[in-house]
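Participant: have a look at this fold, sequence not included:
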C-alpha cells in the first residue's frame, strides 16, 4: 500500500474542501480528484486538477462567447468530426494535472513525451523512499523470441524464484548501501546527488505531470497500446479510465478513431479495394513486403 | 463597444452559473471570469478558465500529497526563491485560457509565442465582422528618428486627419468590396478563403489562447515592456492586471525579478564593482561599445 | 518574376561557393541549394541549408558510431519500419531551413505549425515591397456549396473580371496610401509599425523557416492534402519535390504510409472485415453516421 | 577509455570522407566532427553534424537573399545586439547534433530540456555494456551543509575508500545479476525490458541529441553554471568549448551577456543606484530579505 496515514489524511482533507466556481466543471472528474488510483505494487495516479470538459472543446472550436445553445448531440457530432479530421487544437483547450508515483525505468519512457510540464521529486534535495517495483508473477516474462523489444511467455518455477530473489536482494542491498553512504554518523556523509547513483531503476520516484488533452491522447495511443511495455501500459490504462469519466464524448471519439483505428498504407488500401471487387490478392501480388503483408492480414481478418 | 446584446447575455449567463468544485480556486480570478476587459477600440480580453493558484505552485515544487501545512509567508518565500533562481517548472503548473479579440497585425506578433494553444476564428469558414482598429489620437505616432522599429512624437493637425481618413476610408472600401465579392446575389460569390485576402491588417480577429504561467510571464515580460508596440502592450498590461489578481505572490515576484529587473553583462557588472570602489569609469575605460554604455548609464542612473 | 538582378547575383554567388565538409551530404539537395523555386505569382521557396540524409536517419535509430556497414536496402527497410510504426524520433534528426516568400494570409496558416523556427521580415523595421497575390484564372473559385471551408467551381466572365479588378485596385490603393502615410516629405511620416495596418492580406511577406523532417512531414501531410487551401498547397507540393530529392527513401515511406495512407475507425475496419467475409454492409448496418459512411465509401471504392 | 578499436575505425572512416558542399561551413567545427571528446571516466561528446555559422545568424536576422556584403565587424555588432536584446529567433537558425555517452542519472537531468530531439540507445532492444561511472577522488564530496541540493568538502581516507568500494561492488553485482537473468542457458531468460530494472543509475547510456543554438545556450547557461551538478557540468563545459569553435562571435556574446551576466531585481538595481549616489545601504534599508541581500553582496563586491 503506497500511502501513509498522514498522506491519506492530507488527501481526505483536500477532497473535503469544496468551493464555488463559475468555471466549467466535470462531475466525473470531481469524483476522481485527489484519490490515489493504485498502479503496480507501490505506484499510483492522482488527478490534482483539470481544466475544461466536452463542452469546452466545442466552445473553443466555435470561438464562442458563451456555452452556446447547441445541444449535447450536436456537441458530440462536432467532437467526432474534429477527431476524424485531425483538428487537434480544440482538444488542446482541456488540460489535466496528475501526481504520479512510478518506477524510474517507467519514468524514463514517460518523459520522452515532451509536450508536458513536469515537476519531479528531487533526489539531489531529498532522500528517496525504500520502495522498489518487483514484478508480480503474471508480469515476469521471458524475452520474446519474435519481437526484439517485447516479452514472451512467463517465467516459471525455479527461474521465476531466482529472478525475484535477485531483484529483491539487489534492491535491498543497494538501498542499504545508499543509506550507509548518506549517513553522517561517524563520517561526513556522501552528497545526496552522488549517493543516488547507487539506486537501481526499479526504485519509485514521483512527479507532478500536466498536459493538454490532445497530447494526452497521443500519449495514451502509444502507451495504452498492446505493444507498449506492460509497466507503463497499466498507468496509461488507469488514465484512460479517468479520461473516460472526464470528457466522455472526446474519449469515445478517441477510442473509435485512434485506439481502435487502423492506418492502412497506399498499397494496403489498394489491396482492400481489389479484394472487395473479388480479386484474390496474395502477398506476391500485393506489392507489400512479407512483414507488411503479415501485419495487413492481422488487421483485415 | 465590442459586444452585442446577445453576447452580453451569454456572458452573464456563464457568470451566473456556479458549481461546487474541490479544485484549487482563486477568488480574484473568479471575479474576473468571462467578463470582457476592453482593449483598444473594439478589442477585449476575457478569462475563460484557469487552473491553479499560488499554493499550487508550491505544492508542485514540493511534489506534495496535499496542500501542506506551510504558512502563506513560507509559500511566498518559496515562490520568490523559485523565480530568483529560474526554477520555471512549478510556474508551468498553472494554466490560463483567454478569449481575445484583437487586430490581425497584433495577432501576427502574438502568435510568435509558440508555447501556447490557439483556436482562431476561421475566415475560411465564416465571414469576419466589419470592425477595424483605428488609432486614437494619442496613439497616432510618427516613425522614431532614433529607433528603427519604434515610434516617436505624435502626428498632429492635418497630417493626423489625413492618416485617420485614409485608414477609415481604405478599411471601409476593402470591407465593402469583401462583401461584394462574397455576395451570391446575381453571381456565384467568391470563396470566403479567397475573399478575405482583400482585408487590411487592422481588421479584428479573435481567438481562444491558452498557456501556462511560466510562458505567460515570458510573454508579458516581452510584450508589456516599454519597447513593445503599443497595440500589443495594452493587451499585455490588461493581462498583467488579471494575473496580479489570480496569483498575487507569483505576480509580485515576477514584477520584482523580471519586469523591473535588469540584466547586466560581464563588463557592466565589472564597471559597477569598480564604481562602487570609487573609480570614475568612463565609456572609454568600460570596455563597452557606445551603444552599450548608453544603455548601461540609463540603467544605473 | 520575384527576383531582382541583385538578388539573382547574390544567389549565384552562394551557389558557386563550395567547401569541403565531412558532414553527411545529399547530392539531390546540393543541386537545389539557394535556387528560388517559384510558387504563385510572386512567391518562392529556397533551400538555405539542410542537415542529414537517409543514412543519418538510420544512424540515429541505431545510435551508431559511424555510418555503419548496413546496405542501402537494409536502410530502406528500417526507414519503412520506423515510418509504419510511428517511431518519429529518428526522422527528427534531419533538419532543413527554407527562405520562403508568401502572401500574408498563407503565412497566417503556415505559422500555426509551432514546432519550427521562424525569422520573418519585419514591417516594423522595414518597408514592405509592392507585391500582392492576385489569383490566376484557374484559382479564382466560388464558395463551395458542400464544404463550408472550401471552394467550388471557377468564377467566369464578368464576375471573374470584377473580382480581379477589385483585388488589384484595392491592393494598389492601399499600397499607395501606405506610402503616402510613411512619406516624410512635408510631414512627419507615420510610424512603419502603424502604417502597415493598411495593407491587405494578399501582400507578400518572407521568412526563414527551419524545421525537422518529422515535423515537416506532418506539415506536408496536412498542407499538401487535397483539403488544404490551394494557395498553401502549392508551397507544400514544391517542398514535397525538394524533400523527395533530399531523402528519397524517407519520402517514399512518407508517401506510402502517410500521404496515400488512410485511417479507418474501429467501425470502419469492422465493416471491411464483414464485407471481406461476404456480408452486404449498408450505412444502416454499419454503425456509422451518414457523413462517416459517405467518407468510408469514398475510401474503399 | 570508452572506445573500442572498431568504433575508432568507424570514426576515422567518417572523418576521412569529405565531400563538396555549397552550405555554410564552419572550419572550427569541421575539425571537431565525429571525434570523441572524453568526459568523466567512460563518457564522451561527439559532434555528428551541424547547420549554420555566425554569418547564418545574421543572414536570418536580415532575411537576406545571399550572404550579404556586410563586414565581419558588422556581423559581430549585430550578433551582440541580438543577444543583448533577447532576440532569440536568429540563434535558432543554427542547429547541432551530438552523440553523447553519459551516466543514466546525468541523462535524467539532461532530458528535462524538452526543446531538443533525442534518440536513446534502447535497453528494451539491446543489452547495455558493463560500464559504470565511479567518481574520481576529487569529485567524491560530502553533502553540503549550507545548500540542500549541493555538495561540500571532499570525502577522505576510510570513508572515501568505503564509498568507492560500495559503488564498484554494487555495480558489479547488479550487472552480473543482470546478465544472469538475461541468460538463456538452461533457462528461458528474462525479457531485456525487465532485466534492465536491476541496473543502478551510474550505468552509462548513450544518445543522439540535437538542438538549436538558442536552446543550446539555455542548456549551457543552466548546466555549465557553478550551481549545476558536477557530473553534468563537465559535459556542458566540453560543449562550451565546441561551440566556441563553431560560432565564435555568438559564443562570445553568450559568455558576456548570459554566462557572465547578472540579473538584478528591482530592489537590487535601486540599491545600486542609491549606493552610486553615495548612500550607505544596508540589508535593513535595502528592502531585501537576508538571503537576497547575501546574494546581492556576492554580486557587487
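Facilitator: Cool, got the structure. Predicted model, so just to flag it, every value in this text is computed and none were measured.

Participant: how confident was the prediction at the most centrally placed residue in chain A?
Facilitator: When Cα atoms, centre = their mean is applied to chain A, the residue found nearest the centroid is residue A:236 (2.8 Å). Model confidence at residue A:236, expressed as pLDDT, equals 98.

Participant: next one: residue A:194
Facilitator: Confidence per residue is given as pLDDT, and for residue A:194 that number is 97.

Participant: picking that back up, surely the residue nearest to the centre of chain A touches residue A:219?
Facilitator: Yes: using Cβ atoms under 8 Å, residue A:236 and residue A:219 qualify as a contacting pair, with a distance of 7.1 Å. From N, CA and C alone the C-beta is placed, and that goes for glycine too.

Participant: identify the contacts common to the two.
Facilitator: Where contact means Cβ atoms under 8 Å, 6 or more residues apart in numbering or on different chains, no residue is in contact with each of residue A:236 and residue A:219.

Participant: buried residues, stretch A:82-96. List them.
Facilitator: A:82-84, A:88-96 (16 or more other Cβ atoms under 10 Å in any protein chain shown).

Participant: tell me the spacing between whichever residue of the stretch 101-250 of chain A sits closest to chain B and chain D.
Facilitator: The nearest approach of the stretch 101-250 of chain A to chain B comes at residue A:117, 3.8 Å away (Cβ to the nearest Cβ). Per Cβ to the nearest Cβ, to the nearest Å, residue A:117 is found 9 Å from chain D.

Participant: and the strands in the stretch 51-200 of chain A?
Facilitator: Along the stretch 51-200 of chain A, counting by DSSP state E, counting those that start in this stretch, strands occupy A:95-103, A:117-120, A:141-143, A:151-154.

Participant: pLDDT weak spots in chain A?
Facilitator: Low-confidence segments of chain A, defined by pLDDT under 70, are located at A:1-2, A:68-72.

Participant: would you mind splitting it into its domains for me?
Facilitator: Following automatic domain parsing, chain A resolves into domains at A:5-133+A:202-259, A:137-199, A:266-300.

Participant: span of the second one from start to end?
Facilitator: Which is domain A:137-199. The stretch domain A:137-199 measures 23 Å between its terminal residues, going by Cα to Cα, to the nearest Å.

Participant: next one: it to chain centre, how far?
Facilitator: Relative to its parent chain, domain A:137-199 has a centroid offset of 23 Å by Cα atoms, centre = their mean, to the nearest Å.

Participant: would that domain count as contacting chain D?
Facilitator: Yes: Domain A:137-199 comes into contact with chain D (Cβ under 8 Å from any Cβ of the partner chain), by way of A:139-144, A:148-153, A:155, A:159, A:162-163, A:166-167, A:170-171, A:173-174, A:177, A:180-182, A:184, A:187-194, A:196-199.

Participant: so that domain, near chain C or not?
Facilitator: No: with Cβ under 8 Å from any Cβ as the measure, domain A:137-199 is seen stopping short of chain C, the closest distance being 10.5 Å.

Participant: does that domain reach chain B?
Facilitator: No: contact between domain A:137-199 and chain B, assessed by Cβ under 8 Å from any Cβ, is absent, since the two come no nearer than 15.5 Å.

Participant: one step back: which among the residues of domain A:137-199 next to chain D count as buried?
Facilitator: Restricting those to buried positions leaves A:139-143, A:149-151, A:155, A:159, A:162-163, A:166-167, A:170-171, A:173-174, A:177, A:180-182, A:187-194, A:196-199, with burial counted as 16+ other Cβ under 10 Å.

Participant: tell me how many other residues surround the residue of the stretch 101-250 of chain A found nearest chain C.
Facilitator: Shortest the stretch 101-250 of chain A-to-chain C distance, computed as Cβ to the nearest Cβ: residue-wise this is residue A:222, at 7.3 Å. For residue A:222, the number of neighbouring residues by other Cβ atoms under 10 Å in any protein chain shown comes to 17.

Participant: which element is it on?
Facilitator: helix A:213-223 (DSSP states H and E).

Participant: packing partners of that helix?
Facilitator: strand A:95-103, helix A:230-246, helix A:248-254 (3 or more Cβ pairs under 8 Å, 6 or more residues apart in numbering or on different chains; DSSP states H and E).

Participant: can you put those in JSON lines and add distance to residue B:129?
Facilitator: JSON lines is the format used below for the helices and strands packed on helix A:213-223 (distance: least, Cβ to Cβ, whole Å):
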{"stretch": "strand A:95-103", "distance to residue B:129": "30"}
{"stretch": "helix A:230-246", "distance to residue B:129": "34"}
{"stretch": "helix A:248-254", "distance to residue B:129": "30"}
